[in-house]
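Engineer: Okay, here's the prediction I keep looking at, along with the sequence it came from:
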Amino acid sequence: MRLVKKISPAIENTSIDLFEDTIQNLDLALKYANIDPEAVEILKHPKAILQVSIPVRMDDGSLHVFEGYRVQHNDTRGPTKGGIRYHPNVNLSEIKALAFWMTCKCAVTGLPFGGAKGGVIVSPKDLSLLELERLSRGFIHEIADFIGPEIDIPAPDVYTNAMIMGWMMDEYSKIRRQRVPAVITGKPIPLGGSLGRDEATGRGVYYCVKELEKIRKWNPQKIRVAVQGFGNVGQAVAKLLHADGYKIVAVSDSKGGIYSDKGFDIPSLLYSKNETRQLKAIYCKGTVCEMVDADFISNEQLLELDVDLLIPAALENQITLRNVNQIQAPVIIEAANGPISSDAFEILYKKGTLTVPDILANAGGVTVSYFEWVQNKTGYYWPLEEIHQKLQTIMGREFHAVYRLKEEKQIDMRIAAYTHALTRIGEAIESQGTQKYFSRGMLQQ
Ligand code: NAD
């Protein structure tokens, strides 16, 4: 276990420093949040950073040492909470930014949590399942003293799933010599997972669309939607919108996308993706499959389509200064974390695009994770309908709080969401005393 005090330049090797880029939002939000600037100063620095090396015995007998991180950003409002990502491009700046977003996301939704994130530099598709299990257990072994149900609670993120969370919970429980389901969320249901967690992030995005539908008086049949990323989040939101009559005209995964002006039958795409692990415009009934008309498009082309609603649900930095001027969709919902860079966001706002920011739009996942944690701690499990209804209440309430703020202050929704979050975090920081409070105390003595 190694605590990193200084960040090595070798680790910070992305073209946009995601953490530096994203904390700019704090200064912008401070203008509208009536809180002490000290709160912003605290939030500009993650609370703690842990870097670990994870030696893993590979199936061929060789040893591979993987590098991983866990960043706790801020815990003023409660234990820190955030996913663990497996990806070859994981780097510390990205994990710091993701941890910061988790602090803001939990505050936007009013959950009693701070923010954290973890990641391992690995291409999980290159590992066997046994190697993946050894890596997952090894990572928990290295970070066990850093996490806990009242300290820091991990969850799934890109290329990690319920089974991996189950292995991680099991490993932590072995170390503590007691069953500790509340240490991690997103677990399989038989191991203490919550109903509805698997599709919660996509469902949260869907509830945002439903609020927009009321505001913009949309007729779903006339709304053409493009979804970038067809994983956990992209699939869930595409399925729910399609069931409501929305026309999903384009979807993509890491290998590229497909486009059809008529719109896709999403259950058929899901079936073929799950059967073949490939995104194909093939519809099957029993053993009879037919290819439907579709164009192959790249991920760049998908983002630039003339659609009514664009939902980036893959990775960060997909819309930047490089392509922002080609983006045509009048409404964008950031289902992924950070798909639009701050400078591109500003340009979109100036040209009248309505953009629902990640810290609000994809907060459904952490909200149901919170429900899972509560259920694990009380040992009482809720039915699916209750989870959907509680999630819809929170997403609807906070969507409108942010939308109202945007209207009142005439700011874009990203700054409105940060202002909303910063007000809640700032109030918590202020209640522990700021310079104003302590100087007054000295004068009184
Ligand atoms: P996932 O691993 O299930 O799916 C990711 C999808 O993106 C896959 O279809 C993959 O093929 C695709 N993809 C990868 N690289 C791509 C590229 N360069 N261009 C286009 N597509 C690409 O991950 P997920 O859980 O669906 O997460 C997606 C995003 O949502 C991430 O930004 C994640 O941080 C965010 N998020 C996820 C959750 C959650 O509960 N899963 C919660 C909050 C935020």
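Structural biologist: Right, received. Where do you want to start?

Engineer: switch to C-alpha atoms for all contacts and neighbour counts from now on
Structural biologist: Will do.

Engineer: Is there proximity between the helix or strand Ala29 falls within and the ligand?
Structural biologist: Using DSSP states H and E, Ala29 sits in helix 18-30. No - Helix 18-30 does not reach the ligand (C-alpha under 6 Å from any ligand atom); its nearest approach is 12.9 Å.

Engineer: What's the local residue count around Asn274?
Structural biologist: 11 (other C-alpha atoms under 10 Å).

Engineer: how close does it get to Tyr32?
Structural biologist: 46 Å (C-alpha to C-alpha, to the nearest Å).

Engineer: for Leu305, same thing?
Structural biologist: 34 Å.

Engineer: Could you do Gln72 as well?
Structural biologist: Counting by C-alpha to C-alpha - Gln72 and Tyr32 are separated by 26 Å.

Engineer: ok, these two, which is more surrounded?
Structural biologist: Comparing Gln72 with Tyr32 by other C-alpha under 10 Å, the one with more neighbours is Gln72, at 29 against 18.

Engineer: What pLDDT is listed against the closest residue in space to that one that isn't next to it in sequence?
Structural biologist: Counting by C-alpha to C-alpha, 6 or more residues apart in numbering, the nearest residue to Gln72 once its immediate chain neighbours are dropped is Ala116, at 4.2 Å. If you check Ala116, the pLDDT there is 98.

Engineer: wait, is Ala116 part of a strand?
Structural biologist: Yes - looking at Ala116 with DSSP: H, G, I helix; E, B strand; the rest coil, it is inside a strand.

Engineer: Report the contact partners of it.
Structural biologist: 70-74, 80-83, 98-100, 102-103, 152, 154 (C-alpha atoms under 8 Å, 6 or more residues apart in numbering).

Engineer: Now, these that are in strands?
Structural biologist: Arg70, Val71, Gln72, His73, Asn74, Thr80, Lys81, Gly82, Gly83, Asp152, Pro154 (DSSP state E).

Engineer: Could you give the average pLDDT over stretch 401-416?
Structural biologist: Rounded mean pLDDT across stretch 401-416 is 96.

Engineer: let me redo that: stretch 170-188
Structural biologist: pLDDT averaged over stretch 170-188 gives 98.

Engineer: Next: stretch 320-335.
Structural biologist: 97.

Engineer: Mind listing residues that contact it?
Structural biologist: Applying C-alpha under 8 Å, 6+ apart, the external contacts of stretch 320-335 come out as 201-202, 205, 233-234, 303-314, 340-341, 343-344, 347-348, 352-358, 361-362.

Engineer: Flag the shaky bits of the chain, pLDDT-wise.
Structural biologist: Within the chain, the stretches with pLDDT under 70 are 1-16, 440-445.

Engineer: Pairing partners for the helix or strand containing Ala250, with directions?
Structural biologist: Assigned by DSSP H and E, Ala250 belongs to strand 247-253. For strand 247-253, the paired strands and their directions (DSSP bridges) are strand 224-228 (parallel), strand 256-259 (antiparallel).

Engineer: Tell me if the shortest one is near the ligand.
Structural biologist: No - under the criterion of C-alpha under 6 Å from any ligand atom, the ligand is not reached by strand 256-259; the shortest gap measures 6.6 Å.

Engineer: Can you name the residues of the stretch 51-200 of the chain that neighbour the ligand?
Structural biologist: Asp157, Val158, Tyr159.

Engineer: For these, pick the one with the most neighbours.
Structural biologist: Using other C-alpha under 10 Å as the neighbour criterion, Asp157 leads those with 19 neighbours.

Engineer: ok, now which ones touch that residue?
Structural biologist: Gly83, Ile84, Arg85, Tyr86.

Engineer: which SS class is the nearest residue to Val368 once chain neighbours are set aside?
Structural biologist: Nearest non-adjacent residue to Val368, counting by C-alpha to C-alpha, 6+ apart: Arg197, 5.7 Å away. Three-state call for Arg197 (three-state DSSP): coil.

Engineer: how near is Arg197 to Ala226?
Structural biologist: 24 Å.

Engineer: ok, now Lys262?
Structural biologist: 12 Å.

Engineer: Which of the two has more residues huddled nearby?
Structural biologist: In this view Lys262 and Ala226 are compared by other C-alpha under 10 Å, and Ala226 has more residues nearby, 30 against 13.

Engineer: For the more buried one, which non-adjacent residue is closest in space?
Structural biologist: Per C-alpha to C-alpha, 6+ apart, closest to Ala226 is Ala250, 4.6 Å.

Engineer: Dig out what the one you found forms beta bridges with.
Structural biologist: Under DSSP bridges, the beta-bridge partners of Ala250 are Ala226, Tyr259.

Engineer: quick one: contacts for it?
Structural biologist: Ala250 touches Val225, Ala226, Val227, Gln228, Gly257, Ile258, Tyr259, Ser260, Gly263, Phe264, Leu302, counting by C-alpha under 8 Å, 6+ apart.

Engineer: let's see 7 Å
Structural biologist: Val225, Ala226, Val227, Gly257, Ile258, Tyr259, Ser260, Leu302 (C-alpha atoms under 7 Å, 6 or more residues apart in numbering).

Engineer: same question, Ser194
Structural biologist: Ser194 neighbours (C-alpha under 7 Å, 6+ apart): Glu372.
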